[in-house]
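Colleague: what's the 3D shape of this:
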Amino acid sequence: MSAKAVFVPLNIAVLTVSDTRTYENDTSGQALVDALTEAGHSLADRNLIPDDIYLMRAVVSHWIANPGVQAILVTGGTGFTDRDSTPEALSPLFDKEIKGFGELFRQISFTEIGSSTIQSRALGGLANNTVIFCMPGSTGACKTAWNGIIREQLDSRQKPCNYVGLLLKKQHKDITSVKPFCEPRP
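Modeller: Just a heads-up that it's a prediction; the model follows:
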């Protein structure tokens, strides 16, 4: 990270997709809330809903349309059970898919849980200048995704690339102090 770069806090929403969790036992959603606030970002909103395609689309669509939300973190529903439907629910909302997110998540996760990582359908995308990261429902997986990928990509000081400049266009902010989201390599 560059010493000259300035940290720009983002407004981040967290969605937990689960048929069984409540706010009292949602350790995965809480881990994401704790991580994003510790990094200096603001919690824009938090929701916990059952694994239902149309509820997911409604909640995430609302956040995508909200200029005050730049990033969305979704935990749960990325496995292979009958009820796991996060990829099917949210990928149609993406303007662009971030193919590397799921690939890199599984690569990092392989060092932690071995071949079981292939049971994750983690994915990411961009919609209306909002970045969306969907990860498994386990607390460990959320920490892996945040610490290994998301934290840096939501940090304006991360070089050579981060998403912050792109995300701030949604608010039509003065982003002259933020470098383009990807600088050319030397």
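Colleague: pretty sure residue 102 sits against residue 117.
Modeller: No: applying Cβ atoms under 8 Å as the test, residue 102 and residue 117 come out as separate, 10.4 Å apart. Using the backbone N, CA and C atoms, a C-beta is placed for each residue, glycine as well.
Colleague: quick check: bridge partners of the residue nearest to residue 45 when sequence neighbours are not counted?
Modeller: Leaving aside its sequence neighbours, residue 45 sits nearest to residue 13 (Cβ to Cβ, 6 or more residues apart in numbering; 4.4 Å). Listed beta-bridge partners, residue 13: residue 45, residue 72 (assigned using DSSP bridges).
Colleague: residue contacts, residue 13?
Modeller: 43-47, 63, 69, 71-73 (Cβ atoms under 8 Å, 6 or more residues apart in numbering).
Colleague: swap in 10 Å and give it another go.
Modeller: Neighbouring residues of residue 13 by Cβ atoms under 10 Å, 6 or more residues apart in numbering: 36, 43-47, 59-60, 62-64, 66, 68-74, 130, 132.
Colleague: top helix in the chain by residue count?
Modeller: Ordering each helix of the chain by length in residues (DSSP state H) puts helix 99-113 first.
Colleague: can you list contacts of that one?
Modeller: 78, 87, 98, 116-125, 131-136, 138, 140-141, 143-145, 147-150, 153.
Colleague: and it, which residues are buried?
Modeller: By neighbour count on 16 or more other Cβ atoms under 10 Å, the buried set for helix 99-113 is 101-102, 104-106, 108-109.
Colleague: ditto for stretch 136-149
Modeller: If you call a residue buried by 16+ other Cβ under 10 Å, then stretch 136-149 has these buried ones: 136-139, 141-146, 148-149.
Colleague: can I get those in CSV with secondary structure and pLDDT?
Modeller: Putting the buried residues of stretch 136-149 into CSV (DSSP: H, G, I helix; E, B strand; the rest coil; pLDDT from 0 to 100) gives the following:
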residue, secondary structure, pLDDT
136, coil, 97
137, coil, 95
138, coil, 95
139, helix, 97
141, helix, 96
142, helix, 98
143, helix, 98
144, helix, 97
145, helix, 98
146, helix, 98
148, helix, 97
149, helix, 97
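Colleague: what is the nearest of the residues you listed to residue 55?
Modeller: Residue 55 lies nearest to residue 137 out of the buried residues of stretch 136-149, by Cβ to Cβ, at 15.6 Å.
Colleague: grab the nearest non-local neighbour of the residue positioned nearest the centre of the chain.
Modeller: Geometric centre of the chain, nearest residue: residue 133, 2.8 Å, by Cα atoms, centre = their mean. Of all residues not flanking residue 133 in the chain, residue 124 sits nearest, at 4.8 Å (Cβ to Cβ, 6+ apart).
Colleague: ok, back up a step: among the contacts of helix 99-113, name the ones in helices.
Modeller: Using DSSP H, the contacts of helix 99-113 in helices are 87, 140-141, 143-145, 153.
Colleague: that's all I had, so thanks and see you.
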